[in-house]
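Student: how would this look folded up:
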Amino acid sequence: MGERAHYVIKDGGSWELYYSQWGGYSIELDMLPGPEFAERFARGQRRVDAWMNECECSGAALIDRGERRLLWFSDCLDGPAYRAAALAALRRTWPAGWRLDWAYDGLREIAGAVGQDERGVRRWSGIPVPDDIRTPEQFMAALPQFELNPDVYPPGSELPRELPIPVPPVRPAEEASPATLVTVVRGGVTRAYMARATASMVIENGVASLDAYRGWSPVVSWPAFPDEGVHLDADAESAGVWTLRTLDRVLDEAGAHWPGWRWTPWQDRYHEHLALAAGAIVLPVPDQAAGLRSLAAEFERHQKLDAGTRGAATSLAVVGALTSAAEAAEARLRTAIDNMCAHRPADVTAEERALVRSAFDALS
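Tutor: The predicted structure is shown next:
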């Protein structure tokens, strides 16, 4: 449980790694007051030696003092207009000379920027098989939540030391669910689809997945603006991808999934995708003014009660309820709250708050 975040402070050839259980969804709010506050806040978190992997990490920020660079990512869950407002405000609150970059390849990009082996933060590629388990029958007896395909792992056969995790197939999205815009050009005709998958999953499904879209109904409009998009031109064997989140180096492996195809990373430039879609789908225009109002409201709320305090309070309330229920049943409940409270807010000075508010006013 949590919204885990890493913060890295780099100065020349040395760097320090910090961890928060609750900072991942509010990275932008804790970076807004400028580099001095951002470093003060980061140093207030738990100092750690080991990195999370990218599945565990909801957001991260690298503050490079020597290079005067902020490299960061977060889910920015309030949509494209909110994220655009955060990026615009940061450009006003961080001094001239600082380079502000979005880490489109997520935690791997941040780890690589300090010289770490990016493989150490990759998501899990497989399920480790314990040393004392050799056959599918032993594996399913020990881990009944897993069911192994007998066509792949015949009864009595010896299992590998790691079972690969298959990529989930791409399926059509429902209007209420998060979705990725996928456009497919075939025979000179462009059709649009909304996929219940991330852009990375669309790419990892490979060229064979093109046949799946033939059975889908094209979408001509959608009520919400997507966070990601993939354009697949089967005629030209070319493709492009954009995201408002992260791609986690998926394009490094795109050639294996799409042999002979040429891929273009658009970063967050969704306009390039929509131009190629040639009117195949109508999407709502992100309301930039509403995004700025939402960011300003979240910033003020964050100063009164930040995400870490809310999250820890909720967790402690749940623990309290479970403890009461256990005691009523004459049972004992052992709890460990070490990571639950691994987050420390920092006070914004009057000058820092005024700086952020003036940025909001200038963007209004």
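Student: Can you give the distance of stretch 140-153 from its chain's centre?
Tutor: Remark: stretch 140-153 is offset 30 Å from the chain centroid, using C-alpha atoms, centre = their mean, to the nearest Å.
Student: List the buried residues in that stretch.
Tutor: Within stretch 140-153, the residues scored as buried using 16 or more other C-beta atoms under 10 Å are 148, 153. Where C-beta positions appear, they are placed from N, C-alpha and C, glycine not excepted.
Student: How far does it stretch from one end to the other?
Tutor: With C-alpha to C-alpha, to the nearest Å as the measure, the first residue of stretch 140-153 is 11 Å from its last.
Student: Excluding chain neighbours, give the residue nearest to E147 in space.
Tutor: Counting by C-beta to C-beta, 6 or more residues apart in numbering, M140 is the residue found nearest to E147 once chain neighbours are left out, at 6.6 Å.
Student: Report pLDDT for the one you found.
Tutor: Confidence per residue is given as pLDDT, and for M140 that number is 92.
Student: which stretches of the stretch 251-364 of the chain form strands?
Tutor: Per DSSP state E, counting those that start in this stretch, the stretch 251-364 of the chain has strands spanning 262-265. These are given in chain order.
Student: Verify the contact between V219 and T183 for me.
Tutor: No: with contacts defined as C-beta atoms under 8 Å, V219 does not count as touching T183, sitting 9.9 Å away.
Student: Which of these two has more residues huddled nearby?
Tutor: The residue with the greater number of neighbours, taking V219 and T183 and applying other C-beta atoms under 10 Å, is T183; the counts read 25 against 22.
Student: Following element in sequence after the helix or strand the more buried one falls within, please.
Tutor: With elements delineated by DSSP states H and E, T183 resides in strand 180-186, which encompasses its position. For strand 180-186, the succeeding helix or strand toward the C-terminus, using DSSP H and E, is strand 189-195.
Student: Can you get me a residue count around the closest residue to S238 other than its chain neighbours?
Tutor: Excluding its sequence neighbours, the residue lying closest to S238 (C-beta to C-beta, 6+ apart) is R262, at 4.6 Å. Here the neighbour count serves as a burial measure; for R262 (other C-beta under 10 Å) it reads 13.
Student: which ones are touching R262?
Tutor: Applying C-beta atoms under 8 Å, 6 or more residues apart in numbering to R262 gives the contacts 237-239.
Student: at 10 Å what do you get?
Tutor: For R262, the set of contacting residues under the criterion of C-beta atoms under 10 Å, 6 or more residues apart in numbering consists of 233, 236-240, 254-255.
Student: Which one (most neighbours) among those?
Tutor: A239 (23 neighbours).
Student: In terms of helices and strands, where is that residue?
Tutor: Short version: A239 belongs to strand 238-243, going by DSSP H and E.
Student: Adjacent strands (with direction) for that strand?
Tutor: According to DSSP bridges, strand 238-243 forms sheet pairs with strand 228-233 (antiparallel), strand 262-265 (parallel).
Student: follow-up on the earlier one: which elements pack onto the strand holding T183?
Tutor: Of the remaining helices and strands, those touching strand 180-186 by 3 or more C-beta pairs under 10 Å, 6 or more residues apart in numbering; DSSP states H and E are strand 189-195, helix 199-204, helix 210-213, strand 228-233, strand 238-243, helix 270-277.
Student: Quick one: closest of those to S358.
Tutor: Using C-beta to C-beta as the criterion, the shortest distance between S358 and the helices and strands packed on strand 180-186 is 29.1 Å, found for helix 270-277.
Student: where's that closest one relative to the chain centroid, distance-wise?
Tutor: Per C-alpha atoms, centre = their mean, the displacement of helix 270-277 from the mean C-alpha position of its chain is 22 Å.
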